[in-house]
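Student: Sequence and computational prediction follow.
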Amino acid sequence: MVATRSDTKLVTLTIDGQEVTVPAGTSILQAAEANGIEVPNLCFQPLLRAWGSCRLCTVEILGSRGGLIESCAAPVREGQQVSTISQAVVEARQFILQMYLIDHALDCPTCDKSGECYLQDNTYLHNISANPFRRPKIAKPYVHLRETIDYKWDRCIICSRCTRVCDEMIGVTAITIAGRGLEAEVTTSYGVDLRDTSCTNCGMCIAVCPVGALTDRHFGHHPWELDAVETVCGFCDVGCTLNVEHNRGIVRRVTHLWDRGVNLGYTCERGKWGHEQVQDPMRLRYARVRESGEQLDVELDEALDLVAEKLRHFQGGGFAALASPDNTNEDNYTLQQFTRSVMGSNNIDRLITRSQAGVDHALLQSFGVSASTASMQEMRTDSHCALIVGPDIGFSEPVASYWLYWALRYRETQMILVTDDHQFLGDRSNRWIKAAPGAEGDVLNALAKIIIEAGLARDSAELSDLTRQMSSVDVDAIAAATGVTPDMLRESAILYATGGRGVHDGETEYPASTIWHTVAAGSPNAEATALAANNLAIICGHIGKPGGGVLALRQNANAQGSIDVGCHPDFLPGGLLTGDDTSRSIFAELWSQRWNESAVPQNGFKPLRGLPSDAGVGIGGLAAAIEAGTIKAMYISAQSHQWAAPVDPQLLAALAKLDFLVVEDCFNSALTALADVVLPTAMFLEKDGSFTNLDRTVQRVRFSVSPPGDAHGSTWHVGEIAGRLGYSLPSNNVSAIMDEISSVVPVYAGVTFPRLERGGMQWPVTSFGAEQTVYLSVGRGLAPEDIKIVAD
Ligand code: FES
């Protein structure tokens, strides 16, 4: 078992003459690797339980009671003397490899895995040039498990890494090992196509296969022909690190960096195959301009000239912009600056759903910051009890759900699920309360009522208001509506309040519990549900503790960063209020220097010296403002990819009434269909910058391949338009934009690209050199007066 933050007991042993100290429970293999001693292995996979089947990790325990042992499955012992390189070890490994090679296909020249196969590497490493053990080889054809995955039996070493990852991490158990001995094979139940099983197409079975048994059907290249770029996925707010391998301007595959990023190398379908969406032939390549009702392809310069010419007539509150929550921090900072400083409008928000906006608002009301207080990886390091609210995280943020399965299996975390969405977690968790969509908040309020009545709530100024609100909550009726007994609701409430321990006489302090909540695009009552979740965490005192807090899953890759950098009508970057004169003057001074008077067009358009003070219109009020004729022109930066949420139909209907609409997008969409000018935009694999994920981790997004045709990143488009209006944005230097963000957003003060090169950082990072913040607490991202119970 891997070490956790709470494992404090340490063990000292000697490996190859080197004294090492590691937490108790660490395997010899992990102890060796943590100290730079490599131990060959085939069936070991980080984070999965030790399997001990291949024996290649054999080491020798020295001394009279020693002998050969599988190091992946053997925990360290105090004072142990271990050799990973003794004669006996080397001979044992050579014998094991020769056994494997008896039946192995040895088709290395045509195998996809050649050059990165653990069996091939170890055959060279252990100097196996001949095999005294032989019998006729059995060859079998490829089995097409699904459209993305092939299986080749005669390369398989039955190490079960694929079936273990499917079961233990992904939680779906779509594949299994059937048969014994020479008949053993990786297959599905009854041999059906994987598409007809619970398979999520995450591709993790391919990723963990140490040989070429499970292969990527879409990949037909030699690994050594490829260049690799480490970047962050742009298809949800987990923010997985991806190793993007490409050549000749095309991404060929995505592979895994096991010790990197918030995902520790694990990916889902979006991370594994999403590059095919980025390289879809239907991507927008050229700018289009509407003429006589029809959109026609034009040169990009012509489209940008037209946008600048038109927008100069809408300077002021008649203009609005929507930033994409899938765009980088630098893109979004640039667009809000353009909207405020050039167009003179506070009508800037993100292209998000009403339910996402509701969750943002709920976080702001409860904690004074619109951000999750908890961290995803705390599920692995500190969790004792988790309350999971809303639709299937396994669909919306799959890699986040992996840590739930992991915590269930390895930390025995108590898990309470509040949703009626059928999901695999429900089948495995301790308690599943089937609340209908929109009724999750009622269940949370019932839990709060039980906790208050049991005397487990922390006293606070607003607790009496909440107690009064809870007087109308009928616990029995809610239990009946969700198909559980009132006792089960009571048990769940007590478990949550006591960090999974239950009430014990004389105990007043309990471990923390966490709440994870997600919302469907059209979820009713999203804000009320999020507020109920936040209230529950606050009354139980779970905020500001490891393994506690609230994690709000908001689905878009940069949903968090786009608020942080000021894409909100009420907030400037860093959360400063647009209505505050001092705050505005700070930004006005910084931004107004970018005007180039000689380039400003004439005829009414003015270089602004101050920033607008009027209250802006946000995503929720846009449709009405357009209908009322207050907003007449808009710039929308969209990323309408396969996993994007649909745009609110009311907003779409209103957009048709604008005098002028510019849409940046990567695909044709409902938005581009309405636009007067369409600008083709780059996707995350095609640009540099940063994203901030669901647990406040700021990470580097790196350019991997060029965008198609005339497509460019949003920063570039906006910079070009601003330039035509006499305003110079540093749109070609995203590192400089991040430096500016760090200088104006206090929680990003210590975030710079050079620091991000070493890995992501969770804000607040309050100064250059300061540590990141894993969970928010009073004084570390939260002000005591801002943590509030919100009652009706
Ligand atoms: Fe230890 Fe396979 S890695 S037995």
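Tutor: Received it, and whenever you're ready, just let me know what you need. Numbers count the residues shown, from 1 in each chain.
Student: Please enumerate the helices of the stretch 301-450 of the chain.
Tutor: 329-337, 354-367, 378-381, 393-396, 398-406, 424-428, 440-453 (DSSP state H, counting those that start in this stretch).
Student: okay if I get those helices as a markdown table plus distance to R270?
Tutor: Glycine gets a C-beta too; all of them are placed from N, C-alpha and C. Output for these, formatted as a markdown table (distance: least, Cβ to Cβ, whole Å):
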| stretch | distance to R270 |
| --- | --- |
| helix 329-337 | 20 |
| helix 354-367 | 18 |
| helix 378-381 | 20 |
| helix 393-396 | 10 |
| helix 398-406 | 7 |
| helix 424-428 | 18 |
| helix 440-453 | 25 |
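Student: The ligand: which of those helices is closest?
Tutor: Set against the ligand and scored by Cβ to the nearest ligand atom, those come closest in helix 398-406, at 19.5 Å.
Student: Against which helices or strands is that closest one packed?
Tutor: helix 269-278, helix 378-381, helix 393-396, helix 424-428 (3 or more Cβ pairs under 8 Å, 6 or more residues apart in numbering; DSSP states H and E).
Student: Same list (these) but as CSV, adding mean neighbour count, distance to the ligand and mean pLDDT.
Tutor: Below are these laid out as CSV (neighbours: other Cβ atoms under 10 Å; distance: least, Cβ to the nearest ligand atom, whole Å; pLDDT from 0 to 100):
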stretch, mean neighbour count, distance to the ligand, mean pLDDT
helix 269-278, 22, 24, 96
helix 378-381, 22, 21, 93
helix 393-396, 22, 29, 91
helix 424-428, 16, 27, 86
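Student: Dump those into a markdown table; add distance to G779 as well.
Tutor: Shown next, in a markdown table, are the helices and strands packed on helix 398-406 (distance: least, Cβ to Cβ, whole Å):
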| stretch | distance to G779 |
| --- | --- |
| helix 269-278 | 35 |
| helix 378-381 | 19 |
| helix 393-396 | 30 |
| helix 424-428 | 34 |
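Student: Pairing partners for the one helix or strand P680 maps to, with directions?
Tutor: Using DSSP states H and E, the element containing P680 is strand 677-680. The pairing partners recorded for strand 677-680 under DSSP bridges are strand 287-291 (antiparallel), strand 660-665 (parallel).
Student: Deepest in the core, which of those strands is it.
Tutor: strand 660-665 (a mean of 25; mean count of other Cβ atoms under 10 Å).
Student: Distance from the chain centre to it, please.
Tutor: With Cα atoms, centre = their mean, to the nearest Å as the basis, strand 660-665 stands 28 Å off its chain's centre.
Student: and the angle from that strand to helix 329-337?
Tutor: Per axes from the mean of the first three to the mean of the last three Cα atoms, to 10 degrees, the angle that strand 660-665 makes with helix 329-337 is 180 degrees.
Student: Comparing the helices of the stretch 301-450 of the chain, which comes out most buried?
Tutor: Highest mean neighbour count among the helices of the stretch 301-450 of the chain (mean count of other Cβ under 10 Å): helix 329-337, a mean of 29.
Student: Return the residues in contact with F44.
Tutor: L29, A50, W51, C57, C72 (Cβ atoms under 8 Å, 6 or more residues apart in numbering).
Student: How about residues contacting stretch 128-139?
Tutor: Q94, L97, Q98, M99, L101, I102, D103, A105, L106, D154, L182.
Student: ok, now with 7 Å
Tutor: Contacts to stretch 128-139, defined as Cβ atoms under 7 Å, 6 or more residues apart in numbering, come from residues Q94, L97, Q98, M99, L101, I102, D103, A105, D154.
Student: Assign the fifth one to helix, strand or coil.
Tutor: Yep, that's L101 we're talking about. helix (DSSP: H, G, I helix; E, B strand; the rest coil).
Student: where does the nearest residue to it once chain neighbours are set aside land in three-state SS?
Tutor: Closest residue to L101 apart from its sequence neighbours, by Cβ to Cβ, 6 or more residues apart in numbering: N131 at 5.3 Å. Under three-state DSSP, N131 falls in the coil class.
Student: Tell me which residue is most central in this protein.
Tutor: Of all residues in the chain, the one closest to the mean position by Cα atoms, centre = their mean is V238, 0.8 Å from it.
Student: what's in contact with the next helix or strand along the chain from the strand holding P680?
Tutor: Later in the chain than strand 677-680, the nearest helix or strand by DSSP H and E is strand 689-692. If you take Cβ under 7 Å, 6+ apart as the criterion, strand 689-692 is touched by 232, 239, 328-331, 557-558, 560-561, 564, 698-701, 734, 738, 756.
Student: Run through the residues that contact the residue nearest to the centre of the chain.
Tutor: By Cβ under 7 Å, 6+ apart, the neighbours of V238 are V262, N263, E397, V399, A400, N693, L694.
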